[in-house]
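Participant: need coordinates for the below:
(2 chains)
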2 protein chains.
Amino acid sequence: MSERKDADAKKKLEVFGKGILEEVEKGKSPTFTTLSRSRSNVKYDEKAGVLMLGKNPEERNFVNVAQAKRFMQTVAIASKCYKFINENLHTSIRGLFYQLKYSLGEDVDENIFNEQAESNPLIEDLEVSLGVKREDLNLNANRKGVLAGNLKIHDTFGGEHQLIDAAKQGRSGWAIPSDVDNEIEFTDVRAKYVLVVEKDAVWQRLNEDGFWKKENCILISPQGQAARGTRRLIRKLADKGLPIYVFNDCDAWGWYIYWTIKTGSINLAYMGKEIATPEAKFLGVTMEDIERYDFLKKMTMKASEVDIKRAQDMLQYPWINRHKAWVEELNKVIKTKTKLEQDTLQGPKLTFVGDYIREKIAAKRFLP
Amino acid sequence: MSERKDADAKKKLEVFGKGILEEVEKGKSPTFTTLSRSRSNVKYDEKAGVLMLGKNPEERNFVNVAQAKRFMQTVAIASKCYKFINENLHTSIRGLFYQLKYSLGEDVDENIFNEQAESNPLIEDLEVSLGVKREDLNLNANRKGVLAGNLKIHDTFGGEHQLIDAAKQGRSGWAIPSDVDNEIEFTDVRAKYVLVVEKDAVWQRLNEDGFWKKENCILISPQGQAARGTRRLIRKLADKGLPIYVFNDCDAWGWYIYWTIKTGSINLAYMGKEIATPEAKFLGVTMEDIERYDFLKKMTMKASEVDIKRAQDMLQYPWINRHKAWVEELNKVIKTKTKLEQDTLQGPKLTFVGDYIREKIAAKRFLP
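Facilitator: This next block holds a predicted model:
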């Protein structure tokens, strides 16, 4: 039922290892090539609508005083991941760090493996160099996000196959894992669209209303900023032909979450199309809503400096300011210095949030 | 199958409302009584082993310039919650805030409803005054936490009953909701103990190993600090006679998470025994482990000032310094200025973390 994609990763690791061995045997300094992940090599690909890495290669060379230690650590990581795949066991970046520390002792720089700081450049080197995701190397990233709807999950895990019905998870929903590609499959998707809701509390509200049942949609919350697994799953659902509507706060954080889902992010530009969903549309809440729903006038909040600054920054991005509707929206924020939370839609009655979404979708009233 | 406990809350809200009405009709100023939640009224109850509120009452009085607005807001909250219960709908503190704002406009102080700041004192006033939890008033708190093991969940939600098998949730586990009391029941608990694991990544490691299956335990991660729902669920599982073992980092944050589970916390002292599990034991990781597992010597990290300060503070708490083993443990931290993460146990091999837990439980080597 489920496919084991990391067979591909395993083969690539073997080629990587053999390449290095051959160079050593030939008396050459071992090297491998990756791509620069510096800001200057992050480009917005207009045709794809995605932030991607450019083509600037970077060579890692063992015989280079500045690189020797990191080269050695990268090879050690590759070796550990190869072992994890063979054992069919997974771990986190932190678990990998301690495995290396066990083998290499003081020679392992903790700061490189601190996922909080998103500074795990050696693993990224491997991902880019091999053209695989860390999840394919049996490394779990932080997971966050929840889903309910008419779809089934075939999860082969720890040697057992489970069939999970995402329509039968009650108040909790199905927790979206880090890896949604390997030994996991999504079938029986019976839905007209995917609704992504920024806040878990609003997701719970809609779940209680049976919104996804009545509207025949798949209801996802990234529970704030979307983790890799959730972003990847949204991409996969879009690949099944489902429209993706994102329902967030009208503020700096809400916009950021939307654009991260849509175009990807600078940090994960190296994953490019794998993790971006340019088809996504912004359903709300918007400044324009305030003109349409009278009660929202008294529901606005004062925009913070961060919100204003973010709106100004966004107006500079060519992939945003090409959309007239976004320019108008952001200018309204800057001009009125107000913002709006999605929770406000519960003001008139708790179930109004669902009515609002239905109206918006029926009228196709989205921001691009 | 599932019980509706908030029928009790509904009755209490009616009594609360009628009491206020009667006072008004008699021409008196309406009042109600709650308990002071100031630090001076938070006590450690030695017999119960729990942080609880003392008996200092506080009267809220409508005819009091300083209190009139807040009194009015509290009555409005009670009225909204009564409506939510009748509608059989739930919302968050934020949703409640916007419902009040819709009705009362500018008269609603946002800062009182900011859960992030844990400053929602009017709802706490109601909880304490009525002797109910906010979950019984159909208010959802933030949820976090995950569970796997041999138990079944009967979840009646949005008018439908779901039977969820926590042994069949694959890599994801069952997401622990905010409310684990109303219209939800836990049955078929076939386990010898409950293991609470601070970090989600380590929970995933153990879940993949089938640890809970092999050891016949219930595997919970609060995913960091334990949310109300997770703390309450641990309490309920302890009530079923299961021993509770907590496996955290050996650092300020890990200890804090443990003591919050065990004795409750100052912020939630008003919930007292409902949310505390004094039976809980600290399985690890400990400074003492370093003497027993040789490889851990090179796995320690430098303790931060926060860690040292926290250890010093803990030594002042009578409910901690009464335990000789904890005094020794904390003094080791202060003396050696080191700390240890639970992830280190993956150093020798990924599955060692399970071996370690088994050894500790077999030897009953816990901190109290």
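Participant: so where is chain A shaky, pLDDT-wise?
Facilitator: In the predicted model of chain A, residues A:1-6, A:117-118 satisfy pLDDT under 70.
Participant: walk me through the domains of it.
Facilitator: Chain A is divided into the following domains under automatic domain parsing: A:6-140, A:146-362.
Participant: tell me the most buried of these?
Facilitator: When these are scored by mean count of other C-beta atoms under 10 Å in any protein chain shown, the highest mean neighbour count falls to domain A:146-362 (a mean of 20). C-beta coordinates here come from the backbone N, C-alpha and C atoms, glycine included.
Participant: and that domain, how far apart are its ends?
Facilitator: End-to-end distance of domain A:146-362 (C-alpha to C-alpha, to the nearest Å): 25 Å.
Participant: and for stretch A:154-163?
Facilitator: So stretch A:154-163: terminal residues 5 Å apart, C-alpha to C-alpha.
Participant: ok, stretch A:245-257 next?
Facilitator: 13 Å.
Participant: how far away is the nearest residue in space to A:Asp109 that is not next to it in sequence from A:Asn140?
Facilitator: Counting by C-beta to C-beta, 6 or more residues apart in numbering or on different chains, A:Gln73 is the residue found nearest to A:Asp109 once chain neighbours are left out, at 7.5 Å. Distance, A:Gln73 to A:Asn140, by C-beta to C-beta, to the nearest Å: 20 Å.
Participant: downstream neighbour of the host helix or strand of the residue nearest to A:Asp109 in the secondary structure list?
Facilitator: Using DSSP states H and E, A:Gln73 sits in helix A:68-87. Using DSSP H and E, the helix or strand that follows helix A:68-87 towards the C-terminus is strand A:91-92.
Participant: A:Ala238 against A:Ala276, yeah?
Facilitator: No: A:Ala238 is beyond contact range of A:Ala276, at 9.6 Å (criterion: C-beta atoms under 8 Å).
Participant: to B:Gly105, which of the domains of chain A lies closest?
Facilitator: domain A:146-362 (5.7 Å; C-beta to C-beta).
Participant: quick check on A:Val146: phi, psi?
Facilitator: With angles defined as degrees, to the nearest 10, A:Val146 sits at phi -140, psi 150.
Participant: now stretch A:146-163, how far from the centre of its chain.
Facilitator: A distance of 20 Å separates the centroid of the chain from that of stretch A:146-163, by C-alpha atoms, centre = their mean, to the nearest Å.
Participant: which helices and strands does the one helix or strand A:Leu51 maps to pack with?
Facilitator: Following DSSP H and E, one finds A:Leu51 within strand A:50-53. If you count contacts as 3 or more C-beta pairs under 8 Å, 6 or more residues apart in numbering or on different chains; DSSP states H and E, strand A:50-53 packs onto strand A:42-45.
Participant: who's in contact with the strand it packs on?
Facilitator: Strand A:42-45 is contacted by residues A:Val50, A:Leu51, A:Met52, A:Leu53, A:Gly54, A:Thr263, A:Ile266, A:Ala269, A:Gly272, A:Tyr317, A:Pro318, A:Trp319 when judged by C-beta atoms under 8 Å, 6 or more residues apart in numbering or on different chains.
Participant: CA atoms only: put that strand into CSV for me.
Facilitator: Coordinates of each C-alpha in strand A:42-45 appear next as CSV, following Å, rounded to 0.1, in the frame of the first residue of the first chain:
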residue,chain,number,x,y,z
VAL,A,42,17.7,32.5,-3.4
LYS,A,43,15.5,33.5,-6.3
TYR,A,44,11.8,33.8,-7.0
ASP,A,45,11.1,31.6,-9.9
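Participant: okay, now the sheet partners of that strand, with direction.
Facilitator: strand A:50-53 (antiparallel) (DSSP bridges).
Participant: do I have it right that A:Asn138 meets A:Ile85?
Facilitator: Yes: the pair A:Asn138 and A:Ile85 passes the contact test of C-beta under 8 Å, sitting 5.4 Å apart.
Participant: quick check: A:Thr187 touching A:Asn150?
Facilitator: No: with contacts defined as C-beta under 8 Å, A:Thr187 does not count as touching A:Asn150, sitting 10.9 Å away.
Participant: now the common contact residues for these two.
Facilitator: Counting by C-beta under 8 Å, 6+ apart, nothing touches both A:Thr187 and A:Asn150.
Participant: all helices for chain A, in order.
Facilitator: A:6-25, A:68-87, A:93-104, A:121-130, A:200-208, A:211-215, A:228-239, A:252-263, A:287-292, A:305-314, A:318-321, A:324-336, A:352-362 (DSSP state H).
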